[in-house]
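Enquirer: only geometry, no sequence info:
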């Protein structure tokens, strides 16, 4: 289907917004009135620029407070509407969004409102225009989509239809099922937005906290399925009011928005049968099996000797140096870590490589989802691992059987492990990555769409400096687990070590690993005695065990299905390691101990 986006979704001048939307691959835009009013471009120049960029101008919006008013006021409103139709002629736009009245409505009479919509339709027809009537969730008299449809139907005019907006429907908890009963030709436009539950009034929720489809908690997928059943064939358009998006690079936001519409159509396709003709109307991307194995992690550090010593202490062995670069390969069984020395910049996760059946196809699919190709030059005889830019901090690479012998470049004769192979030694348990406020939801959707991961409900973890929101993403069989942390604004500085990233390895006996690490001279975090006193009180753990755990810096949690015993290494730059032992069916990540860990790390930061 055609895709569109409201210019209000992104930051910048109108010229910058149009360029960003075109570069991201949108077919058209909704022109937000304020963007036109503040632009030095004439309407004709806007029309010409959009055409030059390959964009259609799909909707002019918004026109407010038209209906439900006294005759004298309505006459003035029609004059105002006619001026907009004349403007739309200059822009080359045929559809205007008319929102239900929230300000000047004084006549609570459906017959009057329907008649006023009919008169507006007659005016629109004289200019060959259409009116898409939208029920705002906070409309004075009209605030549900079904009521707006009943009024549009009662107007009995070809130029009057409805605009269906997912936020205005789902934020009220309204039942969208009757959308399928509205004739598709009378649905003039569709606006899509998602949102996380906020527990606030709908108006501020709408104006500041909308997100792209797939980034919130609404079932936007089902809404689009119902629209398809109704016969809607117009563009799927994004209308997002979000304070963060208004501050973010418009090119980045536009790409994220386009990805959300591709993700959305792919999910809707999945709700139709393989032979359903509606499925063919939706754009999708090639299918990929869920990714269930991390091939290796690449770290960059300006303290490589110190980081290498930590890896050695927890059981990794340096197996070789790259034949052409300074990169080092560490291995413990089938688990691989590449360490790249750097002159400056601290320590961070530079890339994550995952195992797939076809690496090039997986990378191509990621590009179709809006990701940029990662640049990693190779010479003859080196494995060319295709990859994409996942975030400002890290890249994602793909490894298949054909490319699995890349460790040979480090003089390691053992290939990287294939997906499904039994683990030898530790395995990657999970990765904990931090994201900025402007990239948190976008990275979440990136992982969902590119790797077919699933989200769980976000969790807020307290720290001394504010709440750290965490979002867990898991592959269906839990082979790949990534925890994203949205840190307080002061923690987004690359020089701030209080919210580091980390790699967690699952081992069979974590106490033995901790003892070996201590014997090799590695010190762990200094955990307060109060923490262990609390463990004893909560879980009835004996004093000798608590004393041993405290000496080794071990953390503990117990859930309904099992136990979690783990410890953290000290931070090197902005990264550290976690060693975990899962007992029974424990499926969590020890979040109850996270505030203690953050506090101990801050002391050392």
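Expert: Received, thanks. If you're wondering where the values come from, they're calculated on a predicted model, not measured in any experiment.

Enquirer: all strands of the stretch 1-150 of the chain, in order?
Expert: 3-6, 28-32, 56-63, 95-99, 130-134 (DSSP state E, counting those that start in this stretch).

Enquirer: looking at those, which is closest to residue 441?
Expert: For residue 441, the closest of the strands of the stretch 1-150 of the chain is strand 3-6, at 16.0 Å, according to C-beta to C-beta. The way it works is simple: take the backbone N, C-alpha and C, and place the C-beta from them, glycine included.

Enquirer: Adjacent strands (with direction) for the closest one?
Expert: Applying DSSP bridges, strand 3-6 is found paired with strand 28-32 (parallel), strand 236-238 (parallel).

Enquirer: Most tightly packed of the strands of the stretch 1-150 of the chain?
Expert: strand 3-6 (a mean of 28; mean count of other C-beta atoms under 10 Å).

Enquirer: Now it: average pLDDT?
Expert: Mean pLDDT, strand 3-6: 97.

Enquirer: what residues does it touch?
Expert: 21, 25-30, 32, 56, 58-59, 61, 191, 235-240, 254, 257-258, 261 (C-beta atoms under 8 Å, 6 or more residues apart in numbering).

Enquirer: again, only using 6 Å
Expert: 21, 26-30, 32, 58, 235-239, 257, 261 (C-beta atoms under 6 Å, 6 or more residues apart in numbering).

Enquirer: Same question for stretch 522-534.
Expert: Contacts for stretch 522-534 (C-beta under 6 Å, 6+ apart): 313, 546, 550, 553, 567, 568, 596, 600.

Enquirer: Over to stretch 251-260?
Expert: Under C-beta under 6 Å, 6+ apart, the answer for stretch 251-260 is 5, 10, 20-21, 24-25, 212-214, 238, 245, 369-370, 442.

Enquirer: now swap in stretch 69-89 and tell me
Expert: So stretch 69-89 is contacted by 60, 66, 104, 116, 123, 127, 129 (C-beta under 6 Å, 6+ apart).

Enquirer: For the first one, give me its contacts.
Expert: Read it as residue 60. 31, 88, 93, 96.

Enquirer: Let me know the helix or strand that residue 365 is in.
Expert: helix 359-368 (DSSP states H and E).

Enquirer: try residue 478
Expert: Using DSSP H and E, residue 478 falls outside every helix and strand.

Enquirer: now do residue 203
Expert: helix 202-208.

Enquirer: where in the stretch 351-500 of the chain is pLDDT low?
Expert: For the stretch 351-500 of the chain, the stretches with pLDDT under 70 are 418-424, 488-498.

Enquirer: tally of neighbours for the closest residue to residue 47 other than its chain neighbours?
Expert: Once flanking residues are discounted, residue 47 sits nearest to residue 92: 4.7 Å by C-beta to C-beta, 6 or more residues apart in numbering. Number of residues near residue 92 (other C-beta atoms under 10 Å) recorded here: 15.

Enquirer: can you check residue 528 too?
Expert: Neighbours of residue 528 (other C-beta under 10 Å): 13.

Enquirer: Distance check, it against residue 596.
Expert: According to C-beta to C-beta, to the nearest Å, residue 528 stands 7 Å off from residue 596.

Enquirer: shared neighbours of the two, anything?
Expert: Counting by C-beta under 6 Å, 6+ apart, nothing touches both residue 528 and residue 596.

Enquirer: quick one, phi/psi of residue 561?
Expert: In terms of degrees, to the nearest 10, the main-chain angles of residue 561 are phi -110, psi 0.

Enquirer: which residues are contacting the helix holding residue 365?
Expert: 285, 286, 288, 356, 386, 388, 398, 399, 400, 403, 450.

Enquirer: Show the subsequent helix or strand relative to that helix.
Expert: The helix or strand immediately downstream of helix 359-368 is strand 387-389, counting by DSSP H and E.

Enquirer: Quick one: list the elements packing against the helix or strand following that next one.
Expert: Next helix or strand after strand 387-389 toward the C-terminus (DSSP H and E): strand 395-399. Here strand 395-399 touches strand 347-355, helix 359-368, strand 387-389, going by 3 or more C-beta pairs under 6 Å, 6 or more residues apart in numbering; DSSP states H and E.

Enquirer: Would you mark the buried spots in stretch 19-27?
Expert: Of all the residues in stretch 19-27, those buried under the rule 16 or more other C-beta atoms under 10 Å are 19, 20, 21, 22, 24, 25, 26, 27.

Enquirer: no wait, stretch 520-539
Expert: 522, 524, 525, 527, 531, 532, 535.

Enquirer: try stretch 40-48
Expert: 43, 46, 47.

Enquirer: Please apply the same query to stretch 329-343.
Expert: Neighbour-count burial for stretch 329-343 flags 329-332, 334-342 (criterion: 16+ other C-beta under 10 Å).

Enquirer: As a markdown table, the residues you listed with secondary structure and pLDDT would be great.
Expert: Output for the buried residues of stretch 329-343, formatted as a markdown table (DSSP: H, G, I helix; E, B strand; the rest coil; pLDDT from 0 to 100):
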| residue | secondary structure | pLDDT |
| --- | --- | --- |
| 329 | strand | 97 |
| 330 | strand | 97 |
| 331 | strand | 96 |
| 332 | strand | 95 |
| 334 | coil | 91 |
| 335 | strand | 95 |
| 336 | strand | 96 |
| 337 | strand | 97 |
| 338 | strand | 97 |
| 339 | strand | 97 |
| 340 | strand | 95 |
| 341 | strand | 95 |
| 342 | coil | 92 |
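
Enquirer: Among the residues you listed, list the two that are farthest apart in space.
Expert: The largest separation in those, counting by C-beta to C-beta, is between 334 and 342 at 26.8 Å.

Enquirer: Distance from the chain centre to stretch 114-129, please.
Expert: Between the centre of stretch 114-129 and the centre of its chain there are 41 Å (C-alpha atoms, centre = their mean, to the nearest Å).

Enquirer: For that stretch, give the mean pLDDT please.
Expert: Mean predicted confidence for stretch 114-129 is 98.

Enquirer: if we look at that stretch, which residues are touching it?
Expert: For stretch 114-129, the external contacting residues (C-beta under 6 Å, 6+ apart) are 67, 74, 78, 82, 85, 94, 131, 151, 154-155, 157, 159-160.
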